[in-house]
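Colleague: after the sequence you'll find the predicted model.
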Amino acid sequence: MLDIKFLRANPDVVKENIKKKFQDDKLPLVDKVIELDEAFRATKTKCDELRNQRNVISKQIGALMGQGKKDEAMQVKEQVGEINAELARLEVSETEMEAEIKKIMMVIPNIIDDSVPIGKDDSENVEVMKYGEPFVPEFEVPYHVEIMENLKGIDIDSARKTSGNGFYYLCGDIARLHSAILSYARDFMIDRGFTYYIPPFMIRSDVVTGVMSFAEMEGMMYKIEGEDLYLIGTSEHSMIGKFIDTIIPEGDLPQTLTSYSPCFRKEVGAHGIEERGVYRIHQFEKQEMIVVCKPEDSMAWFDKLWQNSVDFFRSLDIPVRTLECCSGDLADLKVKSVDVEAWSPRQKKYFEVGSCSNLGDAQARRLGIRVKGADGKYFAHTLNNTVVAPPRMLIAFLENNLNADGSVRIPEALRMYMGGKEVIK
């Protein structure tokens, strides 16, 4: 969420940013919120004047009564009553305008970084760098579900009976591999100085609206019926929410956290859920990384975070590339974002396995996450990035480590988590 003072002083900058994100339908909101803000501030000033006037006049009542001037005191009381009536009316208007201003400000997109390429959607994202040599074996690589089924590692048919499409049972060595990847990701991030967390898997609505836009919320979150609770779509939601309404001493920054959680997503607008496959699903597990830092440090941390993902995948011999997300592909709260994509030997192309985002002070402003520095308080910057989401990552892992006989190699980094196994047969 933008600072209303910034919008007030830079309406043309805000409008240009909206155009860069190809959201021209939001352009009228800038003028509307400026008009509302002007009226709100005028009303607030009037309310303050009336309160001051009421206080001054009220002091006269006791003095007049003490002098035996009862009639004059009653006249002053009537004036106070009129002021109170006018004040009550203006306070209602003030509250309504304040709520409307906040509602509009919540949908005006954050100012994107100057380095973000301009484009309408993800088809115009820009490749930054490739890491590792993409490899296509001489033998045919089966569909990932077929690889898992041949290893007796997945049961989608039973999951469809219990839960519907978009769910699965993992079993045997594939289930163990799934857990091994998460354990390795946990230790990988701990070794890089991040503190490990297991957060709440449900959060309240004020946290939900603090960490994401309304459009994202409607398309992702599952609501718990009858309660003010939502199932998280990623542990970032809980971990950023952890700092709601806090003032962090500047010396305690940066906060570098890595968290495990199951994730639950509606996947609305995903053109249906595949009946067979674990690429787009309603439930999965993920290791995440989160940073809360000073504004001047956020871009340096942004580069460190996506590099962590690249290093993680390369440690498992999986070729990856990074893509700079264009303006039209950025969610409204994001300043800058890079996707990490893994190589698929079967499809002979890369596909997304993680996303790194710098949100500037947008989440901090919504949630009231402030920093106490030598020169006063200011809003922190927040960042997040996927370390690994195994169901989707398993596709890349299995395809890139598949042998001609259908067995799967276990890279050395994972063997200690797999009981020393070097191959899954």
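Modeller: Perfect, I can see it now. Every value quoted in this text rests on a predicted model; they were computed, and no experiment measured them.

Colleague: the residue nearest to residue 419 when sequence neighbours are not counted: neighbour count?
Modeller: Excluding the flanking residues, the one nearest residue 419 by CB to CB, 6 or more residues apart in numbering is residue 176, at 8.0 Å. C-beta coordinates here come from the backbone N, C-alpha and C atoms, glycine included. Residue 176 has 17 neighbours, counted by other CB atoms under 10 Å.

Colleague: thought residue 418 was touching residue 176, still the case?
Modeller: Yes - using CB atoms under 8 Å, residue 176 is in contact with residue 418, at 6.3 Å.

Colleague: give me the pLDDT for residue 278.
Modeller: Residue 278 carries a pLDDT value of 87.

Colleague: could you find the closest non-adjacent residue to it?
Modeller: Counting by CB to CB, 6+ apart, the residue nearest residue 278 is residue 391, at 4.1 Å.

Colleague: elements contacting the strand or helix carrying that neighbour?
Modeller: If you go by DSSP states H and E, residue 391 is part of helix 390-400. Helices and strands touching helix 390-400, as assessed by 3 or more CB pairs under 8 Å, 6 or more residues apart in numbering; DSSP states H and E, comprise helix 144-150, helix 172-191, strand 283-293, strand 336-344, strand 349-358.

Colleague: kindly recompute the last result at 6 Å.
Modeller: helix 144-150, helix 172-191 (3 or more CB pairs under 6 Å, 6 or more residues apart in numbering; DSSP states H and E).

Colleague: output it as CSV - backbone C-alpha positions only.
Modeller: C-alpha atoms of helix 390-400 as CSV (Å, rounded to 0.1, in the frame of the first residue of the first chain):
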residue,chain,number,x,y,z
PRO,A,390,8.7,-30.6,-3.6
PRO,A,391,5.7,-31.8,-5.5
ARG,A,392,6.5,-29.5,-8.4
MET,A,393,10.2,-29.8,-7.8
LEU,A,394,9.9,-33.6,-7.9
ILE,A,395,9.0,-33.3,-11.6
ALA,A,396,12.3,-31.7,-12.3
PHE,A,397,14.2,-33.9,-9.9
LEU,A,398,12.9,-37.2,-11.3
GLU,A,399,13.3,-36.1,-15.0
ASN,A,400,16.8,-34.9,-14.5
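
Colleague: tell me the helices and strands packed up against the lowest-mean-pLDDT helix or strand in the chain.
Modeller: Here the helix or strand of the chain ranked lowest by mean pLDDT, DSSP states H and E is helix 214-220, holding a mean of 76. Where contact means 3+ CB pairs under 6 Å, 6+ apart, helix 214-220 is not packed against any helix or strand.

Colleague: just the CA trace of it, in PDB.
Modeller: Extracted in PDB, the C-alpha atoms of helix 214-220 (Å, rounded to 0.1, in the frame of the first residue of the first chain):
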ATOM      1  CA  PHE A 214      -7.800  -8.800  -2.600                       C
ATOM      2  CA  ALA A 215      -7.500 -10.400  -6.100                       C
ATOM      3  CA  GLU A 216      -4.800 -12.800  -4.900                       C
ATOM      4  CA  MET A 217      -6.800 -13.600  -1.700                       C
ATOM      5  CA  GLU A 218     -10.000 -14.500  -3.700                       C
ATOM      6  CA  GLY A 219      -8.100 -16.700  -6.100                       C
ATOM      7  CA  MET A 220      -6.000 -18.500  -3.500                       C
END
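
Colleague: need the residues that contact the following helix or strand past it.
Modeller: For helix 214-220, the following helix or strand on the C-terminal side (DSSP H and E) is strand 222-223. With contact meaning CB atoms under 6 Å, 6 or more residues apart in numbering, strand 222-223 is reached by 230-231, 264.

Colleague: what does stretch 94-110 give?
Modeller: Residues outside stretch 94-110 that contact it (CB under 6 Å, 6+ apart): 1-2, 21, 29, 33, 36-37, 40, 43-44, 332-333, 335, 360, 362.

Colleague: separation between residue 236 and residue 98?
Modeller: Look at residue 236 and residue 98: by CB to CB, to the nearest Å, they are 29 Å apart.

Colleague: also residue 289?
Modeller: Distance, residue 289 to residue 98, by CB to CB: 36 Å.

Colleague: for residue 254, same thing?
Modeller: Residue 254 is 33 Å from residue 98, by CB to CB.

Colleague: which one of these two has more residues nearby?
Modeller: Neighbour count, other CB under 10 Å: between residue 254 and residue 98, residue 254 has more, with 18 against 15.

Colleague: isn't that one right next to residue 294, touching?
Modeller: No - at 7.4 Å, residue 254 does not count as touching residue 294 under the criterion of CB atoms under 6 Å.

Colleague: now for residue 148: which residues touch it?
Modeller: When contacts are counted by CB under 6 Å, 6+ apart, residue 148 touches 154, 174.

Colleague: if we use 10 Å, what do you get?
Modeller: By CB atoms under 10 Å, 6 or more residues apart in numbering, the contact set of residue 148 is 142, 154-156, 168, 170-175, 177, 278, 394-395, 398, 408.

Colleague: report the buried members of those.
Modeller: Taking 16 or more other CB atoms under 10 Å as the criterion, what is buried in the contacts of residue 148 is 142, 154, 156, 168, 170-171, 173-174, 177, 278, 394-395, 398, 408.

Colleague: would you list the residues you listed in a markdown table and tack on distance to residue 313?
Modeller: Shown next, in a markdown table, are the buried ones among the contacts of residue 148 (distance: CB to CB, whole Å):
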| residue | distance to residue 313 |
| --- | --- |
| 142 | 22 |
| 154 | 22 |
| 156 | 25 |
| 168 | 22 |
| 170 | 20 |
| 171 | 25 |
| 173 | 21 |
| 174 | 19 |
| 177 | 15 |
| 278 | 17 |
| 394 | 13 |
| 395 | 13 |
| 398 | 14 |
| 408 | 16 |
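
Colleague: pLDDT check: weakest of those?
Modeller: Minimum confidence in those sits at residue 278, scoring 87.

Colleague: helix, strand, or coil at it?
Modeller: coil (DSSP: H, G, I helix; E, B strand; the rest coil).

Colleague: in the stretch 201-350 of the chain, which spans are strands?
Modeller: Here the stretch 201-350 of the chain has its strands, by DSSP state E, counting those that start in this stretch, at 202-203, 222-223, 230-231, 246-249, 255-264, 283-293, 320-324, 336-344, 349-358.

Colleague: note down every partner strand of the fifth one and its orientation.
Modeller: For strand 255-264, the paired strands and their directions (DSSP bridges) are strand 195-197 (parallel), strand 283-293 (antiparallel).

Colleague: now the fourth one
Modeller: The strands that strand 246-249 pairs with in its sheet are strand 369-373 (parallel) (by DSSP bridges).
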